[in-house]
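Asker: With the input below, show me the fold.
(one chain, ligands or ions: 1)
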Amino acid sequence: MEKFDFLNPVNIGKSYKNFILLKIEDVPDYKCKSVFLRHKRTGLEVFHLIKNDRENLFAFAFRTAAKDSKGTAHIIEHSVLCGSEKFPLKEPFTTLAGQSISTFLNAMTYPDKTVYPGASLVRKDYFNMMDVYADCVFFPKLERDTFIQEGHRLEMDENGNMSIQGVVYNEMKANFTTFYQIGMDELIAQMFPDSYPAFSSGGDPAVIPSLTYEEFTAFHKTFYSPDNCCLLLYGDIPTADQLDFLDEKFMKRLEEKYNCTSDLPYANQELPYVKPQVRELLQLKKQPKSIMLETTAPEQGATGNLVTLSKYTGEPNIEKYFLGEVICGNDSSPLLKAVKESGLGDMPYTGNFGQFKEEFWVLGIGGVKEGKEKKVFDLMHKEIERLYKEGVSQEDIDSAVMGIDFNLREENRWWGPYSIQIMEKALKGWVWGLPCTDQLCPITKFEALKKELYADKDYVKKLIKKYFIDPEVECRLVVRPSKTYLADRAAAEAKLVEELGKNVDKEQLKNDLDRLHANQARIETPEELACIPHTKVSELEKNTDEPKVELKTVKGADGSDVPLLISHEDTNGLFYVDVLFPFDRLSPEHFKYIPFLSNVITNIGWEGKNWDDCISESACIMGDVWGRILTGSVYDVPQCNEIAQKYADYNFMGRKWLGVSCKALTSKAEESFDLLARIITKMDFKDAKRLKVLIQEQRAGRKANLVEAGRDLAFKRCTASWSEGYALAEILWGVTQLYAISEYKEKNAKKILKEFEFIYRECLKAGGVIHITADDDSLAKIMPLLEKFASAAGITKLLPSNNYKLEDYLPYVINAQNSMGEETKESLTTESQTGYATAVTPCSPYLTKESASEIVYSTWLNNHTFWDKFRTTGGCYGAGIYPDSGECCLKMSTYRDPDPQKHAELLTETIKNNTDVNFTHDDVEKSIVTCYGAIIEPQTPQDRGKQAFETFLYANNGFRLLKMDNLLAVNDQDVKNAALRLAQMAQKDVHKVVFCDKSKESYGKNLDLPL
Ligand SMILES: [Zn+2]
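Answerer: Residues are numbered from 1 along each chain as shown. Sure, this is the predicted structure:
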């Protein structure tokens, strides 16, 4: 049979397996084509973004909205994942997550929709996930026990004391505790009164208990029908294959369940169909005239009142994004600067709020003193007037255009694949009944905006008039922190519990709870779990796509050949540059200054200009520019040594680097290289006033995240005398560095600048290396510029390293003796509500078969023994084990640990004693599949370039296939041997460090943290 061509317009209006092809569109901004289809019996709509990307994504989305805060959509989101017709398990989702090679697997409730996305690079895995997800959303069990577990229930302890419990109930209780969270909710409720945004889609714990089981199941029936489902597909799996899968597995069952006996009357409608009752729910109501509202929120996180002034701005468009960047894009933008300089508060709260079909501008400040509210409103009016009258500067416009151009082109993986962000854009229009492509052309729209902008010198003024002066309705809001907010809520909750308790049949309640708890405690058998499909090792592809660099040279300032490394990646008209100079020719006594120096070099100005002017100049030319450190070692194994030998004459292997990186649009390549050369050669070390501010910021920043960094600090101490590479890491990033930071004094600013200038100049003298990541078109433009750049930036031939050894670093490590010897213990103490335990023991070397089986064994430990011992039993938030085979170092740790002293011992005991575990063959397979997923995890183009460059400089590029071969060859016996081997190695060399509160009893040698 001839295949159906979904991209041929003659097929529009024709059906493939009852899916009518309604629309074919180009989506040039994301370099793909799209098709829109509807199943003519059930109404299920499918939008496929057809793109040459192996990382396929699907997302089942349902329009869900409510005019109450019972949290039904959120509770349903949790509950559908608790067992379905084909997968009658307790948690098919968790089981699936533990054995698939997904790059994304999640569920999210938004105010107007609930979305279930999954992504994978492996076709079989992708369909496994789709199979489970589709069954869960359309055919969930939704038993009463699930409802009371995930939603809400009265819980009774052995003394008969009652409380309200429930996963969503507790989750949302934690959400209703901070000032700005509640403040934001109040603001939205004020802007769209009595419509769905005014209510909590996640659920308000004060209201959740009023939800009944009957309402819960009815909600699913109404909103999870196929005619309210938007199925988004993205990637290179053919549309036909996806529809075949749906047709075979689900469409008949859905037709039966929803009694679909004939074609729908709107089956051929080109626009998405929104059911009348849903359309009604999605209507937004607005304030008809100006109002002022005063309210309260919990005081946690507040430093004063939140005062805002808001205006409606209509449907989403690019104009508002642009205007926002012009007036508050960075600290020197006019509105943000005025707000900050007003001294009226400490938290600017301005921007266009764009979550719904109608948007609004917020102009506000948090941390405002009582009585100053009117001053805030006056300031906002005055500034808007001023901006309208005087206009904005060309620099403000140029840097906004630059910033948006850059952001619209740069791919990122903020949370999962980039396609998740495309999905969110497509669903916005789709859910509201607009074309799916409605929000998918930001670049095209911005190009059109730029034409208007350049043709009309009053363009920005007109936008200010349109969005700030013309709209008459103005909503003012004052939110005051309240000391009693949480206590009032707690009292209301207690009263509710009392009332519910009065009317309940205690006998019945006890039976219900006993049944629930018994079911929760029951462990499912392997036979039961087997219904969830999993990918087998034999099905994994061995091909790996390892990023590479190409080595070239360019004539330097001294006429020598300077190494030039090129990463060809699909950067979409952008390029990334690293220019690095080695610092390892200096004496190690200077090394502790390198981290702060790297922060200072792009932050203190150049060519004798003001710091502000410098930032403004670079914002108009580049996406960003920053100081950079790169260190590492060539691992001592034959494969790496051989590569290092091959390139020995270049002097770039295994070096310790300091330098400058930037990213920019290829269209700005010439200016960017010119500016970068000036920054590198004409950097000023004169502005002592600026340095003082940077010292304060640095100290405050490190202090603020000291506890968060606790585990990392503890690891650095564990390994401080393990190897040359680890010792340097302790100096640059560990406790030794905290001491260095505490020694920077504002009064010494001039002296510090002298030291910094000396170090920086010495590095420049040692020669340099250049790295570029760009697409081929960009490279064609960039390559001819590089000789001029290398010369202007003063880059010369690399001089050889001093090749420091471990003993050269140890004198500069704080209390290095604490980690020297066969078995050491140390505690890092400060004020901390939480703790961490870390321990290290030896493991097998890099790239060996032994190392591969130790990685598999560690993965199994992470999912079993470590989870049980430290999380379930020990009360830690997390625990993990990972072999760093390059340094032959097995690293173990706990996270947010209530008893780190005890657990530091337990970590090493676990490794020493875990010698006769019965791994099933299935366990080993699942662990290998998980490790495989980590190796093939996709990266953004800039991350690929970065990784290729860094691995190349440490003779560690090109081993991915070998690692994969070793991994896929691991068998059951290898894993057993790995357990024995690691236990043996741990008998001798053990280092343990805990991070904990000062008040805890002492553990080993104590080191009190500075700052
Ligand atoms: Zn949740």
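Asker: only C-alpha atoms for contact and neighbour calcs from this point on.
Answerer: Fine.
Asker: What does Gly202 show for phi and psi?
Answerer: phi -80, psi -20 (degrees, to the nearest 10).
Asker: buried stuff in the worst-scoring helix or strand of the chain on mean pLDDT?
Answerer: Using mean pLDDT, DSSP states H and E, the weakest-scoring helix or strand in the chain turns out to be helix 92-97, at a mean of 80. The neighbour-count check on helix 92-97 (16 or more other CA atoms under 10 Å) flags 92-93, 95-97 as buried.
Asker: helices and strands around that helix, which ones?
Answerer: Identification of packing neighbours for helix 92-97 by 3 or more CA pairs under 8 Å, 6 or more residues apart in numbering; DSSP states H and E yields helix 123-138.
Asker: Point out where the stretch 401-550 of the chain drops to low pLDDT.
Answerer: Along the stretch 401-550 of the chain, no part satisfies pLDDT under 70.
Asker: how about the helices of it, start to end?
Answerer: Taking DSSP state H, counting those that start in this stretch as the criterion, the stretch 401-550 of the chain contains helices spanning 419-431, 442-455, 459-464, 485-503, 506-521, 526-529.
Asker: Would you point to the one among these that's packed deepest?
Answerer: Among those, helix 419-431 has the highest mean neighbour count (mean count of other CA atoms under 10 Å), at a mean of 21.
Asker: I'd like to know which elements it is packed against.
Answerer: Judged by 3+ CA pairs under 8 Å, 6+ apart, helix 419-431 is in contact with strand 56-63, strand 229-235.
Asker: Show me what that helix is in contact with.
Answerer: The contact list for helix 419-431 (CA atoms under 8 Å, 6 or more residues apart in numbering) reads 57, 59, 61, 63, 112-113, 230, 232, 234, 272, 274, 435-440.
Asker: Recalculate using a threshold of 7 Å.
Answerer: Outside of helix 419-431, the residues within contact range by CA atoms under 7 Å, 6 or more residues apart in numbering are 63, 272, 435-440.
Asker: and which of the buried residues of helix 92-97 is nearest to Met108?
Answerer: Comparing the buried residues of helix 92-97 against Met108 with CA to CA places Phe93 closest, at 13.5 Å.
Asker: Relative to Leu529, how far out is the closest one?
Answerer: For Phe93, the distance to Leu529 equals 11 Å [CA to CA, to the nearest Å].
Asker: And the helices in the stretch 1-150 of the chain?
Answerer: For the stretch 1-150 of the chain, helices defined by DSSP H, counting those that start in this stretch occupy the ranges 72-79, 92-97, 123-138, 144-146.
Asker: quick one: low-confidence parts of this structure?
Answerer: Scanning the chain for pLDDT under 70 picks out 1-2, 833, 872.
Asker: that older thread, could you dump the helices of the stretch 1-150 of the chain to TSV with distance to Asp247?
Answerer: Conversion of these to TSV gives the following (distance: least, CA to CA, whole Å):
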stretch	distance to Asp247
helix 72-79	24
helix 92-97	22
helix 123-138	12
helix 144-146	29
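Asker: closest one to Asp884 among the ones you listed?
Answerer: Taking CA to CA, helix 92-97 is the member of these nearest to Asp884, at 24.9 Å.
Asker: From the chain's centroid, how far away is that closest one?
Answerer: In this view, helix 92-97 has its centroid 21 Å away from the chain centroid, taken as CA atoms, centre = their mean, to the nearest Å.
Asker: hmm, who's touching it?
Answerer: 81-83, 532.
Asker: Then stretch 478-489?
Answerer: Under the contact criterion CA under 7 Å, 6+ apart, stretch 478-489 has outside partners 179, 183, 293-299, 302, 304-308.
Asker: hmm, try it at 8 Å
Answerer: 177, 179, 183, 206, 293-300, 302, 304-308, 373.
Asker: what's the answer for stretch 273-292, then?
Answerer: With CA under 8 Å, 6+ apart as the test, stretch 273-292 has contacts from 63-67, 112, 190-197, 227-228, 266, 358, 431-433, 472-477.
Asker: Can I have the buried ones of those as a PyMOL selection?
Answerer: Remark: buried members of the contacts of stretch 273-292, expressed as a PyMOL selection using 16+ other CA under 10 Å:
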select buried, resi 63+64+65+66+112+190+191+192+195+196+197+227+228+358+431+432+474+475+476+477
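Asker: Next step: the contacts of stretch 273-292 restricted to strands.
Answerer: Under the assignment DSSP state E, the contacts of stretch 273-292 contribute 63, 475-477 to strands.
Asker: and Pro238, what does it touch?
Answerer: Pro238 neighbours (CA under 8 Å, 6+ apart): Ile50.
Asker: Tell me how far it lies from His771.
Answerer: Using CA to CA, Pro238 is found at 38 Å from His771.
Asker: got it, and Lys374?
Answerer: 54 Å.
Asker: Kindly report the same for Ala206.
Answerer: Shown here: Ala206 relative to His771, a distance of 57 Å by CA to CA.
Asker: More neighbours: which of the two?
Answerer: Relative neighbour count places His771 above the other of Ala206 and His771, with 24 against 17, counting by other CA atoms under 10 Å.
Asker: for that one, phi and psi?
Answerer: For His771, the backbone dihedrals are phi -130, psi 130 (criterion: degrees, to the nearest 10).
Asker: Test my guess that it contacts Phe949.
Answerer: Yes. His771 is within contact range of Phe949, at 7.2 Å (criterion: CA atoms under 8 Å).
Asker: Common neighbours of those two, please.
Answerer: Residues touching both His771 and Phe949 (CA under 8 Å, 6+ apart): 565, 567.
Asker: what's around Lys340, how many residues?
Answerer: 16.
Asker: now Lys389
Answerer: The tally of other residues near Lys389 (other CA under 10 Å) stands at 12.
Asker: residues in contact with the residue nearest to it when sequence neighbours are not counted?
Answerer: Closest residue in space to Lys389, ignoring its immediate chain neighbours: Lys461 at 7.9 Å, by CA to CA, 6 or more residues apart in numbering. Neighbour list for Lys461: 387-389, 391 [criterion: CA under 8 Å, 6+ apart].
Asker: where's Lys461 relative to Leu309, distance?
Answerer: Using CA to CA, we find Lys461 at a distance of 20 Å from Leu309.
Asker: again with Glu424
Answerer: Distance, Glu424 to Leu309, using CA to CA: 28 Å.
Asker: what do you get for Ile237?
Answerer: Ile237 sits 48 Å away from Leu309, going by CA to CA.
Asker: do the same with Arg153
Answerer: As judged by CA to CA, Arg153 and Leu309 stand 41 Å apart.
Asker: And for Glu671?
Answerer: Per CA to CA, Glu671 is found 40 Å from Leu309.
Asker: more crowded one of these two?
Answerer: Neighbour count, other CA under 10 Å: between Glu671 and Leu309, Leu309 has more, with 22 against 16.
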